[in-house]
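**Q** predicted structure and sequence below. I'll ask about it afterward.
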Amino acid sequence: MAQMNMLHAINEALSIAMKADERMVIFGEDVGHFGGVFRATSGLQEQFGRDRCFNTPLTEQGIAGFANGLASYGMTAVAEIQFADYIFPAFDQIVNESAKFRYRSGNQFDVGGLTFRTPYGGGIAGGHYHSQSPEAYFTQTPGLKVVIPRNPEQAKGLLLAAIRDPNPVIFFEPKRLYRASVGEVPAGDYQIELGKAQVVKQGRDITVLAWGAQMEIVEKACERAEKEGISCEIIDLRTLAPWDVETVAKSVTKTGRLLINHEAPLTGGFAGEIAATIQQECFLSLESPISRVCGLDTPYPLIHEKEYMPDELKTFEAIKATVAF
């Protein structure tokens, strides 16, 4: 085990994957000698050469199209989109090409070796073009996997699994945790299975579900709730597509209540899909309406970032209201 922050864990995962797979290349805006805007790819060009870690022009559509071409020829392509807010010019290439390569060819060819890495979310005073959480846009697209880690240990294992998964994966990285999240990380090569949620803490009164950077928020809210005698079961969803219905439904059947927290706006957020599915699966076990604590239905506001965020206190109040219903 070694102590490291999330950036270090991601960098180590990329290095391990490149050593194990000579077909793997990393590319994106400033990812080469500069090491990316957050330094996630620092040192990789020096280690593996300019042919395997290199810069692209500032064109997200071009990055995604190039990635599709490489992956369709059997390369392991890891493309960085510098901020998740910039992924929208690449939207057509990702949802209409990456996601559908295998289906449209009857499984004769695919882009399964493709992974998009991109930092998402707020909390860094980045304003409306550097703070968005667009994960739900991609969960409705069959053919894509969507993964979001909560800490360094999870980031390393999930990223290695994403790179080696035989399907295109979008790997959203919570940028406010890049340096803030520090923890023990296993040495060497390991993978965490995609599509499996993790029960982080057992409880009996309410299930609290989140992913990525919001896990830290809900854990603090649940600590407050515990002081008032409310026992919270905490689940990290980890993979949003495909998501682990079984683990969440089993927990809600036990606790009778569910609160979902995510940073993206409420309307159209992935919490709505979870709520619809769980009320269908667990209707006779529910003791109260499913609660959603999410971002506001506004552009991400720079000067009102604190008010926008679904923070610890909002989550704590929602836990109390759900249990008292």
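**A** That came through fine. On a predicted model such as this, the values are computed, not experimentally measured, just so you know.
**Q** retrieve the pLDDT associated with Y300.
**A** On pLDDT, Y300 comes in at 96.
**Q** so how many other residues sit close to it?
**A** A count of nearby residues for Y300, using other C-beta atoms under 10 Å, gives 24. Where C-beta positions appear, they are placed from N, C-alpha and C, glycine not excepted.
**Q** with P89 instead?
**A** Neighbour number of P89 under other C-beta under 10 Å is 14.
**Q** quick check: it touching L58?
**A** No - using C-beta atoms under 8 Å as the test, P89 is too far from L58 to be in contact (10.0 Å).
**Q** that's a helix at F116, yeah?
**A** No - going by DSSP: H, G, I helix; E, B strand; the rest coil, the assignment for F116 is strand, not a helix.
**Q** partner residues bridging it?
**A** According to DSSP bridges, the residues that bridge with F116 are A79, I170.
**Q** make sure it is actually in contact with A79.
**A** Yes - counting by C-beta under 8 Å, F116 does reach A79; the two are 5.2 Å apart.
**Q** which residues are common contacts for the two?
**A** Common contacts of F116 and A79, defined by C-beta atoms under 8 Å, 6 or more residues apart in numbering, comprise A64, A67.
**Q** tell me the secondary structure for A275?
**A** helix.
**Q** contact partners for the closest residue in space to it that isn't next to it in sequence?
**A** Among residues not flanking A275 along the chain, I290 sits closest, at 4.4 Å (C-beta to C-beta, 6 or more residues apart in numbering). Counting by C-beta under 8 Å, 6+ apart, I290 touches R257, L258, L259, I260, A275, I278, Q279.
**Q** got the phi and psi for A241?
**A** Dihedral angles of A241 (phi, psi; degrees, to the nearest 10) stand at phi -140, psi 110.
**Q** quick revisit: can you pick out the most distant pair from the contacts of I290?
**A** With distances taken as C-beta to C-beta, the most widely separated pair in the contacts of I290 is L259 and Q279, at 13.5 Å.
**Q** who's more crowded, these two?
**A** Each of L259 and Q279 has its neighbours counted (other C-beta under 10 Å); L259 has more, 25 against 14.
**Q** which ones are touching that one?
**A** Per C-beta under 8 Å, 6+ apart, neighbours of L259: 206-209, 218, 290-293, 315, 318-319, 322.
**Q** can you name the residues bridging to the closest residue to L266 other than its chain neighbours?
**A** Once flanking residues are discounted, L266 sits nearest to C294: 4.1 Å by C-beta to C-beta, 6+ apart. Taking DSSP bridges as the rule, C294 bridges to H262.
**Q** now C294: how far from A271?
**A** 6 Å (C-beta to C-beta, to the nearest Å).
**Q** for E173, same thing?
**A** Taking C-beta to C-beta, one finds E173 at 20 Å from A271.
**Q** then M6?
**A** Taking C-beta to C-beta, one finds M6 at 24 Å from A271.
**Q** need the strands for the stretch 201-325 of the chain, in chain order.
**A** 206-210, 232-236, 239-241, 258-265, 291-295 (DSSP state E, counting those that start in this stretch).
**Q** deepest in the core, which of those strands is it.
**A** Mean neighbour count (mean count of other C-beta atoms under 10 Å) peaks for strand 206-210 among the strands of the stretch 201-325 of the chain, with a mean of 28.
**Q** got the angle for that one vs strand 258-265?
**A** Taking axes from the mean of the first three to the mean of the last three C-alpha atoms, to 10 degrees, strand 206-210 and strand 258-265 form an angle of 20 degrees between their directions.
**Q** and strand 206-210 with strand 291-295, angle?
**A** Using the same axes, to 10 degrees: strand 206-210 against strand 291-295 is 30 degrees.
**Q** using PDB, list the CA coordinates for strand 206-210.
**A** Output in PDB follows, covering the C-alpha atoms of strand 206-210 (Å, rounded to 0.1, in the frame of the first residue of the first chain):
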ATOM      1  CA  ILE A 206     -32.300   5.000   5.200                       C
ATOM      2  CA  THR A 207     -30.200   4.300   2.100                       C
ATOM      3  CA  VAL A 208     -28.100   7.200   1.000                       C
ATOM      4  CA  LEU A 209     -26.700   6.900  -2.600                       C
ATOM      5  CA  ALA A 210     -24.200   9.000  -4.400                       C
END
